[in-house]
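**Q** after the sequence you'll find the predicted model.
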Amino acid sequence: MSQHILMTSKEMNSAIEKMADDIIKSEKDMKNVVLIGIVTRGVCLAERLVKTIKKKTKIEPGIGSLDITFYRDDIGSIATQPLAKETQIPFDLTDKKIILVDDVIFTGRSTRAALDGLMDYARPRSIQLAVLVERKHRELPIQADYVGKKAATKYDDKVQVYLKETDKIDKVVVYETKN
Amino acid sequence: MKLKTKDLLGLEYLSKSDIELILDTANPFKQLFTRSIKKVPTLRGKTVVLLFFEPSTRTRTSFELAAKRLSADTINIAAATSSVVKGESLIDTGKTFEAMKSDFMIIRHSMSGAAHVLARNVSSSVINAGDGFHEHPTQGLLDIFTIREKKGKVKGLKVVIVGDIMHSRVARSNIWGLTKLGADVTVCAPPTLIPPDIQKTGIKVSYNLDEAMRDADVVNVLRLQLERQKDNLFPSLREYTLLYGLDKTRVKKAKKDLLIMHPGPMNRGIEITSEVADCPQSVINEQVTNGIAVRMAVLYLLAGEEGVPPGQQINDKE
C-alpha cells in the first residue's frame, strides 16, 4: 500500500480559514447558525471552525456533536458493531440553520445517517454540509456546501484525516490500494 | 465492538471487558430518552420474540420498549395463551419461532437453565430474562450501570445485598457482575436464606444488617417472596422486617451518600419502608429507566452478524 500526504498542517489551517470565510459570506449575520460535528473528527473540525468564525466576526455560533451509529445502514450486516458514542446538542435545533461538519465526504452514507439523526431531534430551518476533504464516488444524491479541499481518489483508496486533538498531528493522508 | 457470545445467558459467562462494553454502550442509549423522538432505526427489520413463561410486568415491558425504541418488531408470547399449555416442549417452541425467522428470543422461565437449553437449540440470539434461581443478567447489568453512574466507579465499592439470596437470580447476577468489576460484595439474610458455601465465591456473608451496612456505599434490597414463609424459612414477616428490613433508623446510621436500590416490585413495609423507598438516596425509579438503556445496549451488541471475520468491516465512517 503506497501513501501520500494530501494536506499538510499549514494547508489544513488555510482550508479551515477559507471554509470559515465561505460560511460568513453566505450566512452574513450568522443569526441562528449552529455547527454540529459528526463524532469524532467532525467535532474537532467544528470547534476549529467556530473559533475561526469568532475571531473574524466576534460572533460565536453554537456547537454540538452528533453520533450517527444508531442511524447507520450497515448495522447487523457487519460482524463488529461500531462503538456508540454520545451525542451532545445542548440547545433546541428547531428553526436553526445547521452546518453539519465532517472530515471527509465519500459515499455520502454517513451524511444520510446524520441527516436522519438530526431530523429526529427537531425540525431545523436548514442543514448544510461542510467537509475538510471532498472525495468522489457518491452513492447518494448528497453534496457538500463548504469544502476545504477536493481530492481525486480511487474508490478503494482510504483517506485519513489526522487532527492534533485526536491524533497529536495535523495531516491528511491518502492510502492507495494497488490494483 | 461485539460481545464474544451469541447469547446473553448470565453474567457468569461474560468477561469484565464485555460487561464494561455493555455499560459504556448503554450511555448513548440513555441519552436518547431526553429527546422527543426516543426511537432510532438501528434494528429496523429485526424480530424480537418475548417468551414469558412466568408473570412479569417490568422486565417484559422494559425489553419490549428497548426493542421498539431500536425499531425492531416484537411479539409477545405469554405461556398461558400459547401452545405450551397443549404440551409443546421448550425446544419445539423455540424451533417454531426460529422457523419464523426471529432474530432474538428473550426468555423468562421458572426453571434454572431454561435459557441455556433454548440457546443450544436455536440460531437466534437468546437473552435470559430470568431463569429460576439462576440468573437475571440484564437486571444485574442495570443495577451495576446505576451504581457506576451514581458513584462514578464500581471497583472498591462496598455493596450489600440484603434479602432472600438463596432464591434470588437477581442476587446471583449482581454477585457475578460486581465481583468481576472489583466491588466488595456482602450478602445479608437469615442463615436459612443464604446458600451454603457461598463464601467460596469470595464474597462476605453477614447475618446482621446493621453490621453489614456499616461503611456500605450501596445497599440493594431484594424482594421478599412472601410464599417463602410457608416453607418455614423464617418465622414471621414481622421478625424479618425487624431484623432485615431497611428503615429510616438503619439508613441514618449508614454513610450519608448510601445508594438505596431495589429491583422491584417492592413489598412496602416489609423489606423496605415507604419512607426509605421514596427518600432522596433511593434510585429505584432510575433503575427502571436505566433498564431500558441497558437492554437496548444488549440487543444492539448482539445484533452483529456472525461469520464475517473481524477486520473486514469498516472502522471508519467512510
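**A** That came through fine.
**Q** most centrally placed residue in chain B?
**A** B:Gln139 (1.1 Å; Cα atoms, centre = their mean).
**Q** who's in contact with that one?
**A** Residues near B:Gln139 by Cβ atoms under 8 Å, 6 or more residues apart in numbering or on different chains: B:59, B:130, B:169-170, B:173-174, B:263, B:291. (Each C-beta comes from the backbone N, C-alpha and C, glycine too.)
**Q** which of the residues you listed sits closest to B:Asn27?
**A** Among the contacts of B:Gln139, B:Gly291 lies closest to B:Asn27 (Cβ to Cβ), at 14.1 Å.
**Q** helix or strand: which one has the closest one?
**A** Applying DSSP states H and E as the criterion places B:Gly291 in helix B:284-302.
**Q** returning to what we had before: pick the one among the contacts of B:Gln139 closest to chain A.
**A** B:Gly291 (17.7 Å; Cβ to the nearest Cβ).
**Q** got the contact list for that closest one?
**A** Neighbours of B:Gly291 in contact, by Cβ under 8 Å, 6+ apart: B:58-59, B:62, B:138-139, B:142.
**Q** once you drop chain neighbours, what's closest to the closest residue to chain A within the stretch 101-250 of chain B?
**A** With Cβ to the nearest Cβ as the measure, B:Asp103 is the residue of the stretch 101-250 of chain B nearest to chain A, at 8.3 Å. In this structure, B:Asp103 finds its nearest non-sequential neighbour in B:Lys46, 4.4 Å apart by Cβ to Cβ, 6 or more residues apart in numbering or on different chains.
**Q** that neighbour: how many residues sit nearby?
**A** 21 (other Cβ atoms under 10 Å in any protein chain shown).
**Q** hmm, back to that, from the contacts of B:Gln139, which ones fall inside helices?
**A** In helices, defined here by DSSP state H, the members of those are B:59, B:169-170, B:173-174, B:291.
**Q** buried ones in stretch A:167-179?
**A** Buried residues in stretch A:167-179, counted by 16 or more other Cβ atoms under 10 Å in any protein chain shown: A:170-172, A:174.
**Q** ok, and of those, which contact chain B?
**A** By Cβ under 8 Å from any Cβ of the partner chain, no member of the buried residues of stretch A:167-179 lies near chain B.
**Q** take the residues you listed and write them to JSON lines, including pLDDT and distance to A:Phe91.
**A** Below are these laid out as JSON lines (pLDDT from 0 to 100; distance: Cβ to Cβ, whole Å):
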{"residue": "A:Asp170", "pLDDT": "96", "distance to A:Phe91": "29"}
{"residue": "A:Lys171", "pLDDT": "96", "distance to A:Phe91": "33"}
{"residue": "A:Val172", "pLDDT": "97", "distance to A:Phe91": "31"}
{"residue": "A:Val174", "pLDDT": "96", "distance to A:Phe91": "37"}
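**Q** and the residues you listed, which of them are in helices?
**A** The helices, defined by DSSP H, take in nothing from those.
**Q** quick one: the helices in the stretch 101-250 of chain B, in order.
**A** B:114-121, B:137-151, B:169-180, B:209-213, B:237-244, B:248-253 (DSSP state H, counting those that start in this stretch).
**Q** near chain A, anything from whichever helix or strand B:Leu50 is part of?
**A** Assigned by DSSP H and E, B:Leu50 belongs to strand B:47-52. No. Contact of strand B:47-52 with chain A (Cβ under 8 Å from any Cβ) is absent, the minimum separation being 12.0 Å.
**Q** what's the burial count for the residue in the stretch 1-150 of chain B positioned nearest to chain A?
**A** Residue nearest to chain A within the stretch 1-150 of chain B (Cβ to the nearest Cβ): B:Val40, separated by 3.8 Å. Using other Cβ under 10 Å, B:Val40 has 24 neighbouring residues.
**Q** and it, helix, strand or coil?
**A** coil (DSSP: H, G, I helix; E, B strand; the rest coil).
**Q** tell me the contacts of the closest residue to it other than its chain neighbours?
**A** In this structure, B:Val40 finds its nearest non-sequential neighbour in A:Phe70, 3.8 Å apart by Cβ to Cβ, 6+ apart. Going by Cβ under 8 Å, 6+ apart, A:Phe70 touches A:84, A:117, B:28, B:32, B:40-42, B:70, B:300.
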